[in-house]
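1. okay, predicted coordinates and the sequence, questions at the end:
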Amino acid sequence: MKEYIILGESIVISDAEENYRQIVQISNEYVKNSKSKFEVWFDRQGNCATLLKNEDNFIIDIVWQYIVKTVEILNNHQVYMLDENAIGNKYFSKAMDSWIDVINDMEFKLQDIEEERDAAVEYRKMRKESRGKFVGGGFGFTGALKGMVEAGTLNATTGMAHSVVNTFGNMGSSISASANKGQLYRNTKPVLLKALIQTCNNSRWAMIHTLEEEINMKFEYVTVEDAQKARAILKNHADGKIPEEQLKKQLISALKLDKTNEEVYCAIWQAYGDKNHGLSDLSEEMGTKLKDYIQKFIDKKGKEVFNRYCGDLDKEENELRHALQYEAELQKVYEELCIFAGQHDVNVNEIKMAQHSKALLEEIDTEQKTALGKVWDTRQIAQKVLEDDKRFYTFLKGRNLEETGLYEEVEKLPFATTEYRQLLKKKFEKERIYRDPMAFLDNLSQIWTEENMDSFNEIFSWIDEDGNIKNVGEYLKKIIELSETEVPLLLWNMDEGMKPKSGVLLTNFYLRVYKKGMFSLEQKAILLEDIAGLEYFEKGRFDIRKLNGENEYFKYDKTNFKAPELRQIGRFLYRILFMIQNIDDSKRRQFSKIKKGSLLCTCGTYRLSGEKVCPTCRTMYLEDGSTVEAMVCPVCRKYIMKGKKFCSQCGSNLEIFDPEILENTSKYCPECGRKISTEDKFCTGCGRKLKE
């Protein structure tokens, strides 16, 4: 016997009720397993003939589990004189009536299709009368099963009147007439499944009757009359006919009348909550689904409150972006649901939309407190850190970070936060490295790692040590008209194929978005200097914020990436873009020489390892590492040491030339500023075509 205190009243579960509940629980599990077995078994049969051949063994196995369990319970009560065959013959002989009726009808219809109706009728009659005996491996079915309980009892699990009589009647008759055997086979399945469930119900009641007869075990059920009284109380409550002062008493009465009625538990909880969890405990004991009802109820309430304040926010793909506009409303949602949870004795964290609102609020707060990849203590600090960072980059714009004393000047800037000053030294050193074109590949790899981009390895390509983008560099040059000084640095291949027919290309000067069709080419090119930000918005759209306030955007049409992944791609692209932006313009023009073996001249020009003379300042590098000034031979156009009387390349006598001619055999390139020969048609530094 178990006692539960609900609304101050004692609710008792008798031993007889407990016995019944245990049998119901056992049977429910058997029903669940039997239905699963049926689905597999039926599909394996494939046709009527095979099914009819194997159905006996299948249904006997289903009933047999009930018989085995019954014998086990008898043994636990020191009853050993009855085995499975005896129990089966005595108490379970009619358990399969519903199933046999369907099988008989199936056989009859099958024979009818085969134009053997007369033989089928006789066979059906014989089967009905005999129900053959199974001995040895199974049990026999003989005799009749007497009534188990008084009329007027209720099966609490199914709501059907308690009886082991075949309540389906001639179930098989509901199988629609079939023109062929295949249709007959398919039509039989749902009817046979119903017969299987009835067989399980019959077997459960056979278990109960066996235990009543053999060991005098008591079982208590809900009568039809009591169940009807409980339902009447609920209806009157729903119709508003019960006064408030009488409601608690009446609901408790309904619970005592029918502890298996889930609606009674729901009504009590909705009206009074469940402070001591006695109601929930009793519901679980009786197998009702109060817990599921509560979850559905509170989740419905959560959605109602959320939609009232935040509309369609939960339908937005980039929810966090939109949530920033709804912070005050989200706070109201959470506060209202906290009050509701307290009133209904539930944990607010069990309400899904309360959890969702709280998570969004936490994300918003974290987002607002994040600056420079770090979460600060307050939003105010984060905002001021960003202002300090802007001050830092404004000051460095156009400056050479190798300048003597530059860091000391940076330290004197009027930064608003001590937090940023603590980062300043490290920030300056990192920026110095980022602005070195020779370190571009290493810096790119570092950012790739920091942004956890390995999962996108197949769709991104970047410049290698030879100054090329893997195997697609030449293809890109065919479909995109690059300027003379442009060097492709990073490619997002949106096609994910060998030939990137659409994608986003970062060069040393532009962000290029292109899409090549069969007969067309769409592309846009945005100067890096004009870009203030780049991020994923929603629905495949990436926004490009420009300094002039005019925004651009491009779209990713495929669906293989979700919003968080696309936001990640956006962050990575902008970090690389920002790094390129801050590289000195004159150095960016030399990206074609960014590879291993490149050397930096004292004038700031990069020269290849094979170049002995700087094309900009004419510094000649000798084998011992020393330098001298060079000049151009007016005859062979080769660089030679300045002051030589004879050209070391062609042997020409240089003394015959006017000194002014020797001095002015070069001029400056209007594009990159390098010195070039007067007879050169193209700049030796940047490749620009020169005017005649």
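-> The structure has been received and is ready for your questions.
2. and residue 492, helix, strand or coil?
-> Following DSSP: H, G, I helix; E, B strand; the rest coil, residue 492 is assigned to strand.
3. equivalent analysis for the one 5 residues further on, please.
-> Secondary structure for residue 497, judged by three-state DSSP, is coil.
4. quick check: it vs residue 459, distance?
-> Separation of residue 497 from residue 459 (C-beta to C-beta, to the nearest Å): 10 Å. Every residue, glycine included, has its C-beta placed from N, CA and C.
5. also residue 191?
-> As judged by C-beta to C-beta, residue 191 and residue 459 stand 55 Å apart.
6. cool, and residue 111?
-> Using C-beta to C-beta, residue 111 is found at 65 Å from residue 459.
7. swap in residue 87?
-> 68 Å.
8. can you check residue 296 too?
-> Applying C-beta to C-beta, the value for residue 296 to residue 459 is 43 Å.
9. of those two, which one has the most company?
-> Neighbours were counted for residue 296 and for residue 459 using other C-beta atoms under 10 Å; residue 459 has more, 19 against 12.
10. contacting residues for that one?
-> By C-beta atoms under 8 Å, 6 or more residues apart in numbering, the residues touching residue 459 are 492-494, 496.
11. burial check on residue 647, number of neighbours?
-> The number of residues packed around residue 647, counting by other C-beta under 10 Å, is 19.
12. once you drop chain neighbours, what's closest to it?
-> Closest residue to residue 647 in three dimensions, ignoring its sequence neighbours and counting by C-beta to C-beta, 6 or more residues apart in numbering: residue 633, at 4.3 Å.
13. repeat that for residue 576.
-> Closest residue to residue 576 apart from its sequence neighbours, by C-beta to C-beta, 6+ apart: residue 490 at 5.6 Å.
14. which ones are touching the one you found?
-> Applying C-beta under 8 Å, 6+ apart, we find residue 490 in contact with 444, 460-463, 469, 505-506, 573, 576.
15. please name whichever of those scores lowest on pLDDT.
-> When the contacts of residue 490 are sorted by pLDDT, the bottom entry is residue 469 at 80.
16. show me what contacts that one?
-> If you count contacts by C-beta under 8 Å, 6+ apart, residue 469 has them with 461-463, 476, 488-491.
17. pull the number of nearby residues for residue 516.
-> 19.
18. surely it meets residue 479?
-> Yes. Counting by C-beta atoms under 8 Å, residue 516 touches residue 479, with 5.2 Å between them.
19. what about residue 221, which SS state?
-> Under three-state DSSP, residue 221 comes out as coil.
20. quick one: the helices in the stretch 451-600 of the chain?
-> Along the stretch 451-600 of the chain, the stretches classed as helices by DSSP state H, counting those that start in this stretch are 473-479, 563-581, 585-588.
21. what does the second one contact?
-> Counting contacts by C-beta under 8 Å, 6+ apart, the residues outside helix 563-581 that touch it are 317-318, 434, 440, 443-444, 447-448, 451-453, 455-456, 489-490, 492, 504, 506, 508, 511, 528-529, 531, 533-536, 538, 540, 542, 556, 561, 588.
22. check contacts around residue 38.
-> Counted by C-beta under 8 Å, 6+ apart, residue 38 has contacts 58, 192-193, 196.
23. so where's the chain uncertain?
-> For the chain, the stretches flagged by pLDDT under 70 are 115-179, 314-320, 471, 594-597, 608-610, 615, 658-692.
24. what about the residue minimising distance to the centre of it, distance to residue 455?
-> The residue lying closest to the centre of the chain (C-alpha atoms, centre = their mean) is residue 562, at 8.3 Å. Per C-beta to C-beta, residue 562 is found 12 Å from residue 455.
25. just give the number of residues close to residue 402.
-> Close neighbours of residue 402, defined as other C-beta under 10 Å, add up to 10.
26. what about residue 32, how many neighbours?
-> By the measure other C-beta under 10 Å, the count of residues near residue 32 is 11.
27. chain center to the helix or strand harbouring residue 31: distance?
-> Per DSSP states H and E: residue 31 is located in helix 15-45. In terms of C-alpha atoms, centre = their mean, to the nearest Å, the centre of helix 15-45 is found 35 Å from the chain centre.
28. okay, and the beta partners of residue 554?
-> Under DSSP bridges, the beta-bridge partners of residue 554 are residue 542.
29. quick one: contacts for it?
-> For residue 554, the contacting residues are 504, 513, 524, 541-542, 544, by C-beta under 8 Å, 6+ apart.
30. which of those residues are buried? Put it as a PyMOL command.
-> Applying 16 or more other C-beta atoms under 10 Å to those, the buried members can be selected in PyMOL as follows:
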select buried, resi 504+513+542+544
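31. tell me which of the contacts of residue 554 is nearest to residue 47?
-> Nearest to residue 47 among the contacts of residue 554: residue 541, at 55.6 Å, using C-beta to C-beta.
32. I'd assumed residue 551 was in contact with that closest one.
-> No. Between residue 541 and residue 551 there is no contact under C-beta under 8 Å: 10.9 Å.
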